[in-house]
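Asks: Pasting the sequence and the predicted coordinates here, then a few questions.
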Amino acid sequence: MLHKIKSLSTKRSSWLLLIVTISALLGAALYFQHAMNIQPCIKCVYIRAAFTAMLLAAILGLLLAKVTLLRSIALLAVIAGAVFGLIQANELLEIEQIIASGGFSTCSFFAEYPSWLPLEKWLPAVFEPTASCGEDSWRFLDQSMAFWTRITLIAYIAVLSVILLCQGANLSNHKS
C-alpha cells in the first residue's frame, strides 16, 4: 500500500490534479469576490495567499516529481501552506462565532505581508482586504465559507501528510 501511494506521488498526473483543485478553489474565491460581490476580509486574503503558496509548491512538485528529496520538499511546502491557511480559517471561524453569539469582534483592514512580498500592492484585486472579518453572507448546508475552507484544508493536510510519510517507501524492491 505504501508503495502504491508513493508511486502516485511520482506521477505528474497526480501533481496536475492537485494543481487543478487548488486553482479551482482560487478561481472560486475570485468568482465570489468579483461576480457575486462578496468582498474578502484580511483572513480571506491570507487564506488566498496560503492557497497560492500551495499552488506554487504543487507546480514545483509537478516539475520535480521524479526526484524524491525535491518531491518531498514540495509536499512539505504544500502542507505548510495548508496549515497556514487552516490557522487563518480557524481564526475567522472564531470571529464568526463571536459575532453570531451577539459579541463584537473584528480584524485588521490592512494586510501585513512581508516587505519583500507586498502581495496587496502587486495584485490588489486578489490580495487586498476590502471587508471586515465576520461578515457571513454566503452559506452552504448552513455553514460559512470559512467552515468549508477549514474542511478543505484539513483534507489536503491529511491526504498530503500520508503521501509525505510514504516517501520513505522503497519502490525498487517492490514487485507489482
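Replies: That came in fine, so what should we check first?
Asks: how about stretch 38-55 as PDB, C-alpha atoms only?
Replies: Written as PDB, here are the backbone C-alpha positions of stretch 38-55 (Å, rounded to 0.1, in the frame of the first residue of the first chain):
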ATOM      1  CA  ILE A  38     -18.700  39.000  -1.600                       C
ATOM      2  CA  GLN A  39     -15.700  41.100  -0.500                       C
ATOM      3  CA  PRO A  40     -12.700  39.400   1.200                       C
ATOM      4  CA  CYS A  41     -11.500  40.300   4.700                       C
ATOM      5  CA  ILE A  42      -7.900  40.100   5.900                       C
ATOM      6  CA  LYS A  43      -8.300  36.400   6.900                       C
ATOM      7  CA  CYS A  44      -9.700  35.600   3.500                       C
ATOM      8  CA  VAL A  45      -6.800  37.200   1.600                       C
ATOM      9  CA  TYR A  46      -4.400  35.400   3.900                       C
ATOM     10  CA  ILE A  47      -6.100  32.200   3.000                       C
ATOM     11  CA  ARG A  48      -5.800  33.100  -0.600                       C
ATOM     12  CA  ALA A  49      -2.100  33.700  -0.100                       C
ATOM     13  CA  ALA A  50      -1.900  30.200   1.500                       C
ATOM     14  CA  PHE A  51      -3.600  28.600  -1.400                       C
ATOM     15  CA  THR A  52      -1.300  30.500  -3.800                       C
ATOM     16  CA  ALA A  53       1.700  29.200  -1.900                       C
ATOM     17  CA  MET A  54       0.200  25.700  -2.100                       C
ATOM     18  CA  LEU A  55      -0.200  26.100  -5.800                       C
END
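Asks: Now it: average pLDDT?
Replies: Mean pLDDT, taken over the full extent of stretch 38-55, equals 93.
Asks: Pull out the buried residues from that stretch.
Replies: Of the residues in stretch 38-55, those buried under the neighbour-count criterion (16 or more other CB atoms under 10 Å) are 38-55. In short, each C-beta sits where N, CA and C put it, glycine included.
Asks: Okay, and which of those map to helices?
Replies: Within those, residues falling in helices by DSSP state H are 42-55.
Asks: of those residues, closest to W148?
Replies: Comparing those against W148 with CB to CB places I47 closest, at 11.3 Å.
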